[in-house]
Every structure is written in C-alpha cells, then in structure tokens.
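Trainee: Model the following, please.
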Amino acid sequence: MSRVFVGLGSNLHQPARQLQRAFGELAEIPGTSLEARSSLYVSQPMGPADQPDYLNAVARLETVLEPLALLDRLQAIETLHQRRRERHWGPRTLDLDLLLYDDLVMDSPRLRIPHPGMGERDFVLEPLLEIGGDIEIPGRGRAADLLAQCRVRTARRIDE
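Mentor: Numbers count the residues shown, from 1 in each chain. Sure thing, here's the model as predicted:
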C-alpha cells in the first residue's frame with residue numbers, strides 16, 4: 001500500500017457539496033481507502049480574478065494503484081462532477097490533484113509528483129499539514145517551512 005495525498009478544490013456549483021461528494025468518491029476507488037481528510041479552506045483564486053473564491057482540502061489515501069492508474073481514477077471523478085478545462089486556472093466544479101505518492105519523484109508527460117507549485121500554495125500546504133503532520137515534500141523540504149515562506153497567504157480554515 002502506498003500513502004498518497006490528493007488536493008481538492010472547487011469554486012462552482014456549491015463548492016462545499018462538491019468537495020464532500022468527492023471525499024466519498026475517493027473512498028470508493030477500488031484498492032484504495034480514505035485515511036484522513038482535512039477541514040475546508042477558503043482562498044482567493046490563483047488565476048483570473050473574475051471568479052469566485054475557492055474551497056480547498058486535502059485527502060490522505062492508502063492505495064494499491066500505481067500513480068497513473070490513480071490519476072485516471074481522479075480524472076474520472078472530476079468528469080462525474082462535470083469538470084471543464086476551458087481556461088487555465090479558471091473556475092471549476094472539481095479539481096483533484098495528486099500531490100504526493102509516498103516519497104516518489106516522477107516527471108512524465110501526464111503527471112509530475114510532487115505536484116508542481118504545491119510548495120508555494122498556502123491553500124495546499126495548510127490542509128496538508130493538518131492531516132500530514134510534519135511532512136517532508138521530496139526534493140523541496142518540510143511543508144511547514146515551505147508554508148512559512150509563502151509570499152501570498154489567503155487560505156483560511158472554515159467551519160463546515
């Protein structure tokens with residue numbers, strides 16, 4: 001079994017509901033169990049400002065699936081949520097990012113692990129630290145140190 005962290009984000013069509021549904025769908029992936037889920041965090045959009053704020057979270061999974069097989073499952077869940085890829089960093093019903101897969105470092109045309117940019121995003125690091133403890137991001141350092149270095153900090157935990 002491999003320990004995996006998945007980032008979740010939504011800013012369309014009842015984002016909290018989208019994330020709650022997605023947590024359940026992650027738990028239903030064959031050969032995979034949902035071990036922990038973070039609180040929800042609200043943050044300003046990274047991309048175009050003409051969109052609603054995002055809700056973000058992180059899930060910790062245990063899985064027997066290889067990284068690309070898991071990515072296929074994550075993208076299938078996004079499709080169930082009518083995910084559209086119309087604009088880079090644009091609004092979305094659901095975004096699922098494979099952040100970490102054990103200590104694997106991978107750079108392929110379809111998938112990069114650790115997820116690029118996660119070390120500069122407070123809306124990823126805050127929920128990751130909540131459920132991952134003093135986690136190390138391969139090749140980048142401790143998540144807590146990376147969060148302390150974030151230039152832009154807009155993420156804040158919300159009550160669900």
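
Trainee: And Leu128, which helix or strand is it part of?
Mentor: helix 122-132 (DSSP states H and E).

Trainee: can you tell me the average pLDDT over that helix?
Mentor: Mean per-residue pLDDT for helix 122-132: 96.

Trainee: Packing partners of that helix?
Mentor: Other elements packing on helix 122-132 under the criterion 3 or more Cβ pairs under 8 Å, 6 or more residues apart in numbering; DSSP states H and E are strand 2-10, strand 40-43, strand 54-63, strand 95-101, helix 143-148. In this view, the C-beta of every residue, glycine as well, is placed from N, C-alpha and C.

Trainee: strand partners of the longest one, parallel vs antiparallel please.
Mentor: Meaning strand 54-63. Partners of strand 54-63 in the sheet, by DSSP bridges, are strand 2-10 (antiparallel), strand 32-37 (antiparallel), strand 40-43 (antiparallel).

Trainee: Then the fourth one?
Mentor: Each strand that strand 95-101 pairs with, and the sense of that pairing, follows from DSSP bridges: strand 2-10 (antiparallel).
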